[in-house]
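Colleague: show me the folded form of this:
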Amino acid sequence: MSALKIVIFGVTGNQGASVARALLADGARFSVYGITRNPDSNSSKKMASAGVNLITGDLDNPATYESALMGAHGVFINANFWAHYKGNNSDEAAEAEQRQSTEAVKAAVRAKVRHVVYSTLESYLPDQPLPHFDAKAKVTEYMKKNDVPATQLYTSYFFSNLLMAQTSEKDGKTIISFPLPDDTVLPGFNVEQIGLWVRAAFRDPDTWIGKDMYASGDNITVAGIAKVLSEVSGKPFDTEHHTREEFLALKDKMDHELWLNYFAFLNGKMKRDPAESRKIVPEAQDFKAYVQSTPAIREHFGF
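Modeller: Coordinates of the predicted model:
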């Protein structure tokens with residue numbers, strides 16, 4: 001059997017790179033192609049040296065990549081809201097992401113691609129807007145309405161987002177700056193493992209075409225983050241012990257898209273079942289395993 005051609009959009013991003021690594025690790029099963037705007041970048045060259053066949057293309061211009069989809073068994077699609085977001089243009093950035101993803105889906109259909117895996121999120125409308133979630137949800141809705149042969153891969157909170165968390169020292173403890181109350185649940189996973197779910201879908205299209213899949217490793221609380229960091233490091237970590245009211249008061253004082261995202265977590269909108277996700281990817285890391293295996297997060301928190 002000849003190798004199945006898989007085309008990855010955004011192959012140098014954290015999601016696309018993980019997908020490439022997972023597929024390449026399967027040996028001769030897959031022939032991996034990656035779309036990048038700049039094949040001469042260091043990240044692109046790294047992908048090429050690993051065995052990815054690079055395609056120069058731009059999500060804003062389907063004509064630059066459409067021919068590369070011909071003959072593909074599968075494509076992985078993920079557009080980046082944050083590449084368009086400037087802090088005050090959530091709707092514009094969401095529209096850009098939705099347009100890019102929808103055009104990529106349409107191009108895949110025209111090329112008769114047999115299986116699309118789309119990195120998506122759910123909408124919480126009408127309860128609350130969350131533009132970067134809503135954009136993905138609209139693309140998923142389009143795909144389902146038009147019977148695109150696809151797997152919808154729902155992601156969750158990236159553990160690596162904590163690399164942006166600030167810290168301070170107080171009473172001999174390292175205090176993690178995080179605006180949510182201690183009991184807020186963050187359904188999360190190691191985004192560097194997303195390729196394992198994508199690979200599972202491409203390995204078994206008969207099972208996964210037309211189905212939803214969830215990438216999840218842990219339902220950890222804000223207080224739980226501090227507890228795990230303390231356990232792994234042997235050093236005391238703590239939170240700022242915010243109340244719900246304190247978080248709500250930040251609505252007009254912090255980035256609004258981020259506030260909306262945290263608001264959804266505060267209200268328990270995101271539901272994930274790590275045990276179910278682990279049935280697909282048994283090695284899915286919980287937060288403790290992520291910290292133990294990730295030098296960058298340990299360095300960030302000073303141990």
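Colleague: doesn't Leu54 lie inside a helix?
Modeller: No: Leu54 is assigned strand when assessed by DSSP: H, G, I helix; E, B strand; the rest coil, not a helix.
Colleague: so where's the protein uncertain?
Modeller: Scanning the chain for pLDDT under 70 picks out the ranges 1.
Colleague: for it, which segments count as strands?
Modeller: For the chain, the strands defined by DSSP state E occupy 4-9, 30-36, 53-56, 74-77, 115-120, 150-154, 157-158, 167-170, 173-176, 185-189, 212-214, 218-221, 237-239.
Colleague: out of those strands, which is the most enclosed?
Modeller: With neighbours taken as mean count of other CB atoms under 10 Å, the strands of the chain reach their highest mean count in strand 74-77, at a mean of 29. For glycine as for every other residue, the C-beta is placed from the backbone atoms N, C-alpha and C.
Colleague: quick revisit: distance to Ala200 added to the strands of the chain, as JSON lines?
Modeller: Listed next are the strands of the chain as JSON lines, based on distance: least, CB to CB, whole Å:
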{"stretch": "strand 4-9", "distance to Ala200": "13"}
{"stretch": "strand 30-36", "distance to Ala200": "13"}
{"stretch": "strand 53-56", "distance to Ala200": "22"}
{"stretch": "strand 74-77", "distance to Ala200": "12"}
{"stretch": "strand 115-120", "distance to Ala200": "10"}
{"stretch": "strand 150-154", "distance to Ala200": "9"}
{"stretch": "strand 157-158", "distance to Ala200": "19"}
{"stretch": "strand 167-170", "distance to Ala200": "36"}
{"stretch": "strand 173-176", "distance to Ala200": "33"}
{"stretch": "strand 185-189", "distance to Ala200": "14"}
{"stretch": "strand 212-214", "distance to Ala200": "8"}
{"stretch": "strand 218-221", "distance to Ala200": "19"}
{"stretch": "strand 237-239", "distance to Ala200": "34"}
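Colleague: looking at those, spot the one closest to Lys45.
Modeller: strand 53-56 (8.7 Å; CB to CB).
Colleague: closest to Pro274 out of the strands of the chain?
Modeller: Once the strands of the chain are compared by CB to CB, strand 218-221 is nearest, at 5.8 Å.
Colleague: so Val19 touches Val198, yeah?
Modeller: Yes: with contact defined as CB atoms under 8 Å, Val19 counts as touching Val198 (4.7 Å).
Colleague: hey, what's in contact with both of these two?
Modeller: In terms of CB atoms under 8 Å, 6 or more residues apart in numbering, Val19 and Val198 are both contacted by the residues Phe76.
Colleague: re the thing from before, quick one: closest of the strands of the chain to Lys279.
Modeller: strand 212-214 (10.4 Å).
Colleague: other SSEs contacting the closest one?
Modeller: Strand 212-214 sits against strand 150-154, helix 194-203, helix 274-280, with contacts defined as 3 or more CB pairs under 8 Å, 6 or more residues apart in numbering; DSSP states H and E.
Colleague: so what strands line up beside that strand?
Modeller: Sheet pairing of strand 212-214 (DSSP bridges) gives strand 150-154 (parallel).
Colleague: off-centre distance for the partner strand?
Modeller: Remark: strand 150-154 is offset 12 Å from the chain centroid, using CA atoms, centre = their mean, to the nearest Å.
Colleague: who does the longest helix along the chain touch, helix- and strand-wise?
Modeller: Ranked by number of residues, the top helix in the chain under DSSP state H is helix 90-110. For helix 90-110, the elements it packs on are strand 74-77, strand 115-120, helix 131-145, judged by 3+ CB pairs under 8 Å, 6+ apart.
Colleague: distance check, the closest residue in space to Thr12 that isn't next to it in sequence against Gln100.
Modeller: Using CB to CB, 6 or more residues apart in numbering and skipping residues adjacent in sequence, the residue nearest Thr12 is Ser43, 4.0 Å away. Ser43 sits 19 Å away from Gln100, going by CB to CB, to the nearest Å.
Colleague: please identify which of the two sits among more neighbours.
Modeller: Gln100 (26 against 14; other CB atoms under 10 Å).
Colleague: contacting residues around that one?
Modeller: 59-60, 79.
Colleague: of those, grab the buried ones for ChimeraX.
Modeller: Selecting just the buried residues from those in ChimeraX takes one command, with 16 or more other CB atoms under 10 Å as the test:
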select :59,79
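Colleague: okay, the contacts of Gln100 in CSV with distance to Ile35 next?
Modeller: Output for the contacts of Gln100, formatted as CSV (distance: CB to CB, whole Å):
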residue, distance to Ile35
Leu59, 8
Asp60, 12
Ala79, 11
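Colleague: please consider this matter closed, and thank you.
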